[in-house]
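Undergrad: coords below, sequence missing:
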């Protein structure tokens, strides 16, 4: 019985209705799972985090290669499956809950096939932590935003935050038939490494975060105009706000033309 057949069997046994009631597309191709493990160079000293453990196919593989696997699954029905399928493997810690809300023990690597619906908050969650590497299957359209060229349509706040905290690489595409059920989107394997030291210095990360998010809501406008809502929030109005904007670095550039480092310079100027 291959993994695809086993997934269908488990769904039938546990009375799941996959297309309507499973909120995730699971990788059921052993070659893809092996490749993900190899990309992460999982070894006996590693503690690996897996998000969206599903039927436990990747979980079991990681447990065979690592010191410990922390498997997180939000679906109570799938947790029941996991407890049965992974019984007897004593180096797996199964956590039921939303990854964004539960407490996670320390880990140094992540290998996951997470639900596409949480890709953005998951990336921000991950970028706020220090780890060796993460290997994820992500929707191709979303993945392109992680390392989009400056000025491109995909270039945005996620690109800037990813560059600041991490190093990303888009690797192999994953065929739709490698999933159950097959997704209606293109998928790629992505590696993300955490920077021990951020790419550039910022005085106040909260201000940096707000500046980047605010400016990208007006990506095609010049900085002097796009920054005004940020200044208004800080009590600068009318002529005072306009004068402040006119003396900012890059004030005549379009927001989409700024490099991640430029956003750091702007945030530092606005933190003063």
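TA: Arrived safely, thanks for sending. Source: prediction; values computed, not measured.

Undergrad: how about low-confidence regions in the protein?
TA: 16-23 (pLDDT under 70).

Undergrad: mind giving me the domain ranges of it?
TA: The chain breaks down into these domains under automatic domain parsing: 3-194, 205-271.

Undergrad: Can you add mean neighbour count and give those back as TSV?
TA: Placement of C-beta: from N, CA and C, glycine included. Formatted as TSV, these follow (neighbours: other C-beta atoms under 10 Å):
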stretch	mean neighbour count
domain 3-194	18
domain 205-271	17
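
Undergrad: The residue lying closest to residue 128 once chain neighbours are set aside: what's it in contact with?
TA: By the measure of C-beta to C-beta, 6 or more residues apart in numbering, the closest residue to residue 128 outside its immediate chain neighbours is residue 165, 7.6 Å from it. For residue 165, the contacting residues are 127-128, 194-195, 198-199, by C-beta atoms under 8 Å, 6 or more residues apart in numbering.

Undergrad: taking the residues you listed one by one, which sit in helices?
TA: Of the positions in the contacts of residue 165, residue 127 sit in helices, assigned by DSSP state H.

Undergrad: could I get the contacts of residue 165 as CSV with distance to residue 211?
TA: Listed next are the contacts of residue 165 as CSV, based on distance: C-beta to C-beta, whole Å:
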residue, distance to residue 211
127, 17
128, 18
194, 22
195, 20
198, 15
199, 16
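
Undergrad: For the contacts of residue 165, work out which two are farthest apart.
TA: Among those, the pair separated by the greatest distance (C-beta to C-beta) is 128 and 199, at 15.0 Å.

Undergrad: the strands in the stretch 1-150 of the chain, which residues?
TA: Secondary structure of the stretch 1-150 of the chain by DSSP state E, counting those that start in this stretch: the strands cover 26-27, 47-51, 68-73, 92-96, 109-112, 133-139.

Undergrad: Which other helices and strands does the second one contact?
TA: In this structure, strand 47-51 packs against helix 57-65, strand 68-73, strand 109-112, with contacts taken as 3 or more C-beta pairs under 8 Å, 6 or more residues apart in numbering; DSSP states H and E.

Undergrad: 6 Å - rerun?
TA: Counting contacts by 3 or more C-beta pairs under 6 Å, 6 or more residues apart in numbering; DSSP states H and E, strand 47-51 is packed against strand 68-73, strand 109-112.

Undergrad: Partner strands of it, with direction?
TA: Here strand 47-51 has these sheet partners by DSSP bridges: strand 68-73 (parallel), strand 109-112 (parallel).

Undergrad: Check the secondary structure at residue 189 for me.
TA: When classified by DSSP: H, G, I helix; E, B strand; the rest coil, residue 189 comes out as strand.

Undergrad: Show the contacting residues for it.
TA: Contacts for residue 189 (C-beta atoms under 6 Å, 6 or more residues apart in numbering) come out as 137, 171-172.

Undergrad: helix, strand or coil for the residue nearest to residue 148 when sequence neighbours are not counted?
TA: Of all residues not flanking residue 148 in the chain, residue 154 sits nearest, at 3.7 Å (C-beta to C-beta, 6+ apart). Three-state assignment for residue 154 (three-state DSSP): coil.

Undergrad: by contact count, what packs against whatever helix or strand residue 215 lives in?
TA: Using DSSP states H and E, residue 215 sits in helix 205-216. Here helix 205-216 touches helix 157-165, helix 260-271, going by 3+ C-beta pairs under 6 Å, 6+ apart.

Undergrad: next SSE after it?
TA: Helices and strands here follow DSSP H and E; after helix 205-216, the next one along the chain is helix 223-226.

Undergrad: can you list the residues that contact that following helix?
TA: Residues outside helix 223-226 that contact it (C-beta under 6 Å, 6+ apart) are 215, 218, 245-246, 250-251, 253, 255.

Undergrad: Can I get those in a markdown table including distance to residue 188 and secondary structure?
TA: Formatted as a markdown table, the contacts of helix 223-226 follow (distance: C-beta to C-beta, whole Å; DSSP: H, G, I helix; E, B strand; the rest coil):
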| residue | distance to residue 188 | secondary structure |
| --- | --- | --- |
| 215 | 28 | helix |
| 218 | 30 | coil |
| 245 | 39 | helix |
| 246 | 43 | helix |
| 250 | 32 | coil |
| 251 | 37 | coil |
| 253 | 31 | coil |
| 255 | 27 | helix |
